[in-house]
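Q: fold the stuff below for me.
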Amino acid sequence: MKFRNIVFLTIGFLCSQMAISQEGLPIYTDYLTDNYYLIHPSMAGVANCSKVRLTARQQWFGHEDAPKLLTLSVNGRIGETPSAIGGILYTDKNGYHSQTGAYVTYAHHLMFSRNEVDLNMLSFGLSAGFIQYKLDETTFLFDGPDNIIDGIVQSETNFNVDLGFSYHFLDYYAHATVKNVLKNSGINNDIEITSNLRRYLFSVGGVFGQLGSDWSFEPSVMFQYKEGTQEAAIDLNGKVYKDMDFGKIWGGISFRNSFDGAQYLDGSGVSSQKLKQITPILGVDLKQFMFAYTYTYQTNSLVFTSGGFHQLTLGYNFNCRKEKYDCKCPAVN
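A: Residues are numbered from 1 along each chain as shown. Take a look at the predicted model:
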């Protein structure tokens, strides 16, 4: 590949990553590590235990200023009431861009079944929080007056809200969430890019297994759409659970495919490719603790580097109540 093609591809890729870094908490596949609350506020307190989850994600080991993400979330019921609260702290750094955010969540769960054995529950959730965006221009090349480069650390703090609902019926579930409901300007000068960060998320799935078996299988789909750029992507997921004496082991795989592509010069003309990622998942529930590891590999022919994205999740469950529902519903029981 010619040098100019490499530069063209790198600049395009970095620009797309910088846009992502200003959209609030990034949407990766960490929700599959027993952490749906990260993307759906209505999942706060839905489980029979209160939950703490810590995730660390690192991309492109060995590359300076590579993207990295840290999240800390906690959620649980308010006593024996149908209401729940939660909170999320995160920091996301990507090259010269970084953001730090904090959200608080209120959720309410309505039971429709005549008893608590048969799961039939509708949940609503609302998250509100602040996000501080930063752009470090102190190391930018500067050889004269420039209206774009100020040579300082630019920062801006915005308030935004997420809202959504979840519905659980026996072994099946569906979630819908609108993230970044409010329109806010970012720290870039192009307001048309950063003023509309609204994103729509839809998830649906179910858990299947034979009566009395220690094994169960959970297929699911997650669709996301970004309103401002009209980009869409879909996750096709599959997880397998095995009940053990000490808890549970589980694993799975997720395939993410974007419906939109990016153009690049291939030496003989202009070609295009769409984002395609494969993410294997492995986890274990050890009594009240949870450990999970995910590795994301980008299958496109042209990528910034061949290295993948590593993520580790640590969890702790507390204030657990007796499992109520006669269903294969690991997110609830």
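Q: all helices for the stretch 51-200 of the chain, in order.
A: For the stretch 51-200 of the chain, the helices defined by DSSP state H, counting those that start in this stretch cover 191-194.
Q: so who does residue 217 touch?
A: Applying Cβ atoms under 8 Å, 6 or more residues apart in numbering to residue 217 gives the contacts 207-209, 238-241. Glycine gets a C-beta too; all of them are placed from N, C-alpha and C.
Q: partner residues bridging it?
A: residue 208, residue 240 (DSSP bridges).
Q: again, but for residue 284
A: For residue 284, the beta-bridge partners are residue 249, residue 291 (DSSP bridges).
Q: that one - how many residues pack around it?
A: 17 (other Cβ atoms under 10 Å).
Q: with the one 10 residues further on instead?
A: By other Cβ under 10 Å, 25 other residues sit near residue 294.
Q: give me the residues contacting the host helix or strand of it.
A: In this assignment (DSSP states H and E), residue 294 forms part of strand 289-298. Identification of contacts with strand 289-298 by Cβ under 8 Å, 6+ apart yields 28-30, 32-34, 53, 275-284, 308-317.
Q: now the buried members of the contacts of residue 217.
A: For the contacts of residue 217, a burial check counting by 16 or more other Cβ atoms under 10 Å picks out 207, 209, 238-239, 241.
Q: and residue 254, what does it touch?
A: 29, 32, 235-238, 277-279, 281.
Q: quick revisit: which of the contacts of residue 217 sit farthest apart?
A: Using Cβ to Cβ, the contacts of residue 217 reach their maximum pairwise distance at 209 and 238, which is 13.6 Å.
Q: what about the spatially closest residue to residue 77 that is not a sequence neighbour, how many residues close to it?
A: Using Cβ to Cβ, 6 or more residues apart in numbering and skipping residues adjacent in sequence, the residue nearest residue 77 is residue 45, 4.4 Å away. Close neighbours of residue 45, defined as other Cβ under 10 Å, add up to 27.
Q: around residue 320, count how many other residues there are.
A: For residue 320, using other Cβ under 10 Å, the count is 13.
Q: partner strands of the helix or strand hosting residue 204, parallel or antiparallel?
A: Applying DSSP H and E as the criterion places residue 204 in strand 199-206. In the sheet, strand 199-206 lines up against strand 172-179 (antiparallel), strand 215-226 (antiparallel) (DSSP bridges).
Q: which residues touch that strand?
A: Residues from elsewhere that reach strand 199-206, judged by Cβ under 8 Å, 6+ apart: 23, 27, 36, 39-40, 164, 171-180, 218-227, 237.
Q: filter those to the buried ones?
A: Of these, these count as buried by 16+ other Cβ under 10 Å: 23, 27, 36, 39-40, 164, 171-173, 175-177, 179-180, 218, 220, 222, 224-226, 237.
Q: on that earlier part again, separate out the buried members of the contacts of residue 254.
A: 29, 32, 235, 237-238, 277, 279, 281.
Q: what is the nearest of these to residue 80?
A: Nearest to residue 80 among these, with distances taken as Cβ to Cβ, is residue 32, at 29.5 Å.
Q: that closest one touches residue 238, doesn't it?
A: No - using Cβ atoms under 8 Å, residue 32 makes no contact with residue 238, being 9.8 Å away.
Q: find the residues that touch each one of the two.
A: Both residue 32 and residue 238 are contacted by 252, 254, under the criterion Cβ under 8 Å, 6+ apart.
Q: how about residue 42, phi and psi?
A: Main-chain torsions, residue 42, degrees, to the nearest 10: phi -70, psi -10.
Q: and the closest residue to residue 87 other than its chain neighbours, what is it in contact with?
A: Of all residues not flanking residue 87 in the chain, residue 104 sits nearest, at 5.2 Å (Cβ to Cβ, 6+ apart). By Cβ under 8 Å, 6+ apart, the residues touching residue 104 are 85-87, 127-129.
Q: just to revisit the earlier point, which of the contacts of strand 289-298 are buried, as a ChimeraX select command?
A: Filtering the contacts of strand 289-298 down to the buried ones (16+ other Cβ under 10 Å) takes a single ChimeraX command:
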select :28,29,30,32,33,34,53,275,277,279,281,283,284,308,309,311,313,315,317
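Q: where do the strands sit along this structure?
A: Along the chain, counting by DSSP state E, strands occupy 50-59, 68-77, 83-94, 97-111, 120-136, 153-169, 172-179, 199-206, 215-226, 231-243, 247-265, 270-286, 289-298, 309-318.
Q: tabulate these (a markdown table), appending mean pLDDT and distance to residue 331.
A: A markdown table is the format used below for the strands of the chain (pLDDT from 0 to 100; distance: least, Cβ to Cβ, whole Å):
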| stretch | mean pLDDT | distance to residue 331 |
| --- | --- | --- |
| strand 50-59 | 91 | 10 |
| strand 68-77 | 94 | 12 |
| strand 83-94 | 93 | 13 |
| strand 97-111 | 94 | 13 |
| strand 120-136 | 92 | 11 |
| strand 153-169 | 90 | 8 |
| strand 172-179 | 96 | 7 |
| strand 199-206 | 96 | 9 |
| strand 215-226 | 96 | 9 |
| strand 231-243 | 95 | 11 |
| strand 247-265 | 86 | 12 |
| strand 270-286 | 86 | 12 |
| strand 289-298 | 93 | 12 |
| strand 309-318 | 94 | 12 |
